[in-house]
Every structure is written in C-alpha cells, then in structure tokens.
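J.: How does the following fold in three dimensions:
(4 chains)
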2 protein chains.
Amino acid sequence: MNSQACSAVKRIADSTVRRLSVYLRFLEGSTSRGQSTISSEELAKHGGTTSAQVRKDLSFFGSFGKRGLGYAVPELTESLREILGLQRQWNVVIVGAGKIGTALAQYHGFKSRGFNVVAVYDTDARKIGSKWEGHVVRDVASITSDLGERPAEIAVLAVPADVAQAAVDRLVSAGIRAILNFAPVQLQVPGDVALRSVNMAMELESLSFELTNRDR
Amino acid sequence: MNSQACSAVKRIADSTVRRLSVYLRFLEGSTSRGQSTISSEELAKHGGTTSAQVRKDLSFFGSFGKRGLGYAVPELTESLREILGLQRQWNVVIVGAGKIGTALAQYHGFKSRGFNVVAVYDTDARKIGSKWEGHVVRDVASITSDLGERPAEIAVLAVPADVAQAAVDRLVSAGIRAILNFAPVQLQVPGDVALRSVNMAMELESLSFELTNRDR
DNA sequence: CCTACTTTGTGAATGAATTCACAAGCCTGC
DNA sequence: GCAGGCTTGTGAATTCATTCACAAAGTAGG
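T.: All right, here's what the predicted structure looks like:
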C-alpha cells in the first residue's frame, strides 16, 4: 500500500541489500535507455535471480509496483536510493596510499555515487605530502584530529595485513562508523561499527576450490 | 575417521569455502608464530565465527583433529590447501590494464599463493606493448590464440562495465574456466564457468544502508 | 461493463545454513 | 591404569533465506 521506503522493522538480510544494489545499478542503465516501466521478471533476469526474489526483496520496504504493469523505473530508482541511504553524501577517508589505495582514490564510482573522498592517509614519510588526484597524502597520525575538524563516516582500508588492526583501532576511536576493508585479515570492530571485507585471496581460493571440486 | 581430504559428496556451501580460506590464512600466521596446535575455539575467535561452525565446516571433508587436544597446525594447513586446490599452480590472465588492473597485476598475494599472472591485456593501443612488473601489456584481440598456446584457467576482469560482457564472452570461448570480476555489472556465463564478483559500489551501498538503518 | 490477460504482493512450504548439545576419544597426573 | 578435564565430531533442533502458488489488482479490447 505504502510506496514510501519505511524504516525497516525486521532485520534485513545482507543478501537482500546487496541485491537491491544490483537492481539499482541496472535501473540506472534502464533510465538512460529510456525504458519507463520494468517487471520483476526483467529485473530478475539482469540481476541473476528470480522474479519472486525481486518482489520479496522489495516487499520488505513497501509496495512499489502496479499489478499487471510492473514498476515505474524513475520512481523505483528513487525509492531504492532512499532505502540504501544514497540521497545524502557520505565522507570517505582512504587509509593506505599503496597500489590498491591509490587505484581506489581515483575510482570514479566513488564521486558519482555520493561518496566523497575527503582524505588519503599513509605512514610512509616518502608518500606523505605528495599529491594524487587532488588529494594530498596525509600522515596517519593526524587522522584523529582531522576527523575532529572534518568528520567522515566511512573509511576504506588498503594497508598491509599486519598493520590493519592497528589502523582500525585508530579509526574507530576517531569516530569512524563504517569500514570497507581490503586487507586480507579478519578485523575486530565494536558492534556499532559496520564492517565489510573484500578479500581477493578468498575469492581466488574459492574459484580454485570450485575448479578442483567441480562435480563431474 | 579419515584425515584425507576426500572429494566432496554433497554440495559444499560457498560460505563454508570462504571460511576455510579465512582459517587457512590465520593458520599460516600461526605457523610463523610457532604454535603447533590449535582448537576450534581459537580458530573461531580469529575467523569471526563459532567453534561449532569451524568443526562443522571441517567435518564436510573429513576428520582432522584430536579430541581433547585440537588440530595440529601444519597438518591442518596442508589439508586445507589440498581441499581448496592450492597444491597446484593456477595460471591467471588479467584483462584491463587500468588503475585496478595494474594494481592487481602487482598484487603480491597472487604469486605467493600459487596464482601465476601469465599475461595482462588491454584494448588501448597506447598501453599495448608497455611493460608493468615484468608483464608486457598485450592486445585483447590476441587472447584466443595466446590461450591456445599457453592455457590459463582463471581470468581477472578489470575493464569498464560496458565492455565487460564482451570480454567475458571472448574469454569463455577461449577456454577460460573461472572469472574473478571487478566490473560493476552482473555477468552471464555458461554453467561450467565459475564466476565471482567483487563489486565496490555494492559494498559501499551496503555500508550506507547499514549506517542509515541502524536499529536505534 | 465484462472478459481475458498480466503482474504484483505475500502467506505458506520448502530448503539451506547455523547452532545446540552431548557421546566419544584423547591427554595428564597420580 | 584409572579419574578428571578438554575438545572433537555429529545428529537433532533451530533459525534464516528462498521458492511456490495464488488471490488481488491492474490493463486492454470489445
């Protein structure tokens, strides 16, 4: 009945949220392709899932479609943005100015989606002060005072595994509320800090497993 | 009874495999720290799970521990490697010599874990022929013939979203068996090709959702 | 206005993954 | 070699996620 994105009453599964993100990405393409309406079936086909799953995912947040017709692309796009909290800007700091860190700092997808990179940090004295894509690399030691002046909600962690936990502890005490971790370690964070990890080694090993144990 | 990694009889969940990978990474650290034996409890603590989960995960593949004592670190490490198919070398090609692609090509974790980067590809004429970390960037058009001469099992895809599917189709027809995708699109692959996707936009949006809808 | 056709939204049913709980096995000390 | 203390391995119970299936609601055409 309600086409407003109401605040979640029951716990929403992470898998659901990730699919919403996939739907949104496809919808943004649909808009530019000039499609004005879309069915759960079509959304499912391009999101690698089933139409029932699409409808169930959306149903957790309200009722966005018209029976017999499908979903209006602009309205659904807007609703998904609202659900995912993308109608505001988020300030992001990148910690670690190595290969991955600098690649990320230049990643176009940040800015275009409301994630502002406000600072890049490193511990290497040779890197501190140098400039990348408009960001001066700053000393990790100044994170706490910097965040006091100019708060950021999200940190992207791209440092070696052996210093990752120390960096996390520093970020957490400086008031960071979410961390996207690229270091191949399991990090400990307080319950009120959100954490996601991208672990290339894990993905490769999972592929290795699948290639090895393919049912045959 | 059997401490051999027997071939999987029932389908193993992806979540299980990913945890095995986490256990393995911690064990490799334990070895260097000189610890000779480890309990499921300790493994769980550092893997962000529970001891029952650890034991259940391992039980799918055999029986590796000693009751009352725990798991012998070197033996379990070896068994996990075997389970994950890491006792052999895998040849990897990287497609896309942009920011992410080059960062990945230089990623130390590849070589040290048995994943040999055998080639880097791009379509940009200005990049083709240039050299990065011992790899000459080659023309995507030569993938098929290259793979005929020197096969690779795994491709890492780091190209823009709009050309990703075309690259996948080419790789699949050239005989690639597994793809690790960094492009923010849902890719279509035949059932016998393994696919994992790392999607930064999705991770950030999932954090955004969590920050926005924190139960409060 | 009525019929035929679509597609959503959602309880109920199924299936999958995690947690519980405890018997079985191993080590240590006496 | 026996008692006491740990820790594994695993069915059973539970929790969580996906799929099914269909009533409800919309469109279109006559």
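J.: in the longest helix seen in chain A, what counts as buried?
T.: Counting by DSSP state H, the longest helix found in chain A is helix A:14-32. Buried residues in helix A:14-32, defined by neighbour count with 16 or more other Cβ atoms under 10 Å in any protein chain shown: A:16-27, A:30. In this view, the C-beta of every residue, glycine as well, is placed from N, C-alpha and C.
J.: Can you sort out which of these also neighbour chain B?
T.: Counting by Cβ under 8 Å from any Cβ of the partner chain, A:17-18, A:20-22, A:24-26 from the buried residues of helix A:14-32 sit close to chain B.
J.: got these as JSON lines, with pLDDT and distance to B:Ser206 columns?
T.: Shown next, in JSON lines, are these (pLDDT from 0 to 100; distance: Cβ to Cβ, whole Å):
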{"residue": "A:Val17", "pLDDT": "98", "distance to B:Ser206": "5"}
{"residue": "A:Arg18", "pLDDT": "98", "distance to B:Ser206": "6"}
{"residue": "A:Leu20", "pLDDT": "98", "distance to B:Ser206": "9"}
{"residue": "A:Ser21", "pLDDT": "98", "distance to B:Ser206": "7"}
{"residue": "A:Val22", "pLDDT": "97", "distance to B:Ser206": "11"}
{"residue": "A:Leu24", "pLDDT": "97", "distance to B:Ser206": "12"}
{"residue": "A:Arg25", "pLDDT": "95", "distance to B:Ser206": "13"}
{"residue": "A:Phe26", "pLDDT": "96", "distance to B:Ser206": "17"}
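J.: Neighbours of A:Arg67, how many?
T.: Number of residues near A:Arg67 (other Cβ atoms under 10 Å in any protein chain shown) recorded here: 6.
J.: A:Val73 too?
T.: Neighbour count of A:Val73, defined by other Cβ under 10 Å: 18.
J.: now do A:Ala158
T.: Number of residues near A:Ala158 (other Cβ under 10 Å) recorded here: 28.
J.: Spit out the contact partners of it.
T.: A:94-96, A:98, A:100-101, A:104, A:182-183 (Cβ atoms under 8 Å, 6 or more residues apart in numbering or on different chains).
J.: Apply 7 Å and report the result again.
T.: A:94-96, A:98, A:100-101, A:104, A:182 (Cβ atoms under 7 Å, 6 or more residues apart in numbering or on different chains).
J.: how far away is A:Arg126 from B:Leu76?
T.: 40 Å (Cβ to Cβ, to the nearest Å).
J.: Just the CA trace of the lengthiest strand in chain A, in CSV.
T.: Looking across chain A with DSSP state E, the single longest strand is strand A:115-122. In CSV, the C-alpha atoms belonging to strand A:115-122 read as follows (Å, rounded to 0.1, in the frame of the first residue of the first chain):
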residue,chain,number,x,y,z
PHE,A,115,30.9,9.1,-1.7
ASN,A,116,33.3,12.0,-1.3
VAL,A,117,36.9,11.1,-0.7
VAL,A,118,38.0,13.7,1.7
ALA,A,119,41.5,12.5,2.6
VAL,A,120,44.1,9.9,1.8
TYR,A,121,46.4,8.6,4.6
ASP,A,122,49.7,6.7,4.8
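J.: centre of the chain versus it, how much separation?
T.: Taking Cα atoms, centre = their mean, to the nearest Å, one finds strand A:115-122 lying 15 Å from the centre of the chain it belongs to.
J.: Direction included, what does it pair against?
T.: According to DSSP bridges, strand A:115-122 forms sheet pairs with strand A:90-95 (parallel), strand A:135-139 (parallel).
J.: tilt between the strand or helix carrying A:Ser206 and strand B:115-122?
T.: Here A:Ser206 sits within helix A:200-212, counting by DSSP states H and E. Following axes from the mean of the first three to the mean of the last three Cα atoms, to 10 degrees, one obtains 100 degrees for the angle between helix A:200-212 and strand B:115-122.
J.: in chain A, what spans have low per-residue confidence?
T.: Low-confidence segments of chain A, defined by pLDDT under 70, span residues A:1-9, A:32, A:215-216.
J.: Quick one: name the residues of it near DNA strand C.
T.: Residues of chain A lying close to DNA strand C by Cβ under 7 Å from any atom of the strand are A:1, A:39-41, A:51-52, A:55-56, A:58-59, A:63-71.
J.: right, so the strands paired with strand A:115-122: which one is the most enclosed?
T.: strand A:90-95 (a mean of 25; mean count of other Cβ atoms under 10 Å in any protein chain shown).
J.: tell me how far that one is from the chain's mean position?
T.: 12 Å.
J.: Dump it to CSV, restricted to CA.
T.: Only the C-alpha atoms of strand A:90-95 are listed here, as CSV (Å, rounded to 0.1, in the frame of the first residue of the first chain):
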residue,chain,number,x,y,z
TRP,A,90,29.0,10.3,2.7
ASN,A,91,32.5,11.4,3.5
VAL,A,92,35.1,8.8,3.0
VAL,A,93,38.8,8.6,4.0
ILE,A,94,41.2,6.2,2.3
VAL,A,95,43.9,4.7,4.6
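J.: what are the phi and psi angles of the residue minimising distance to the centre of chain A?
T.: By Cα atoms, centre = their mean, chain A has its centre lying nearest to A:Leu180, at 7.6 Å. When quoted as degrees, to the nearest 10, the phi and psi of A:Leu180 stand at phi -110, psi 110.
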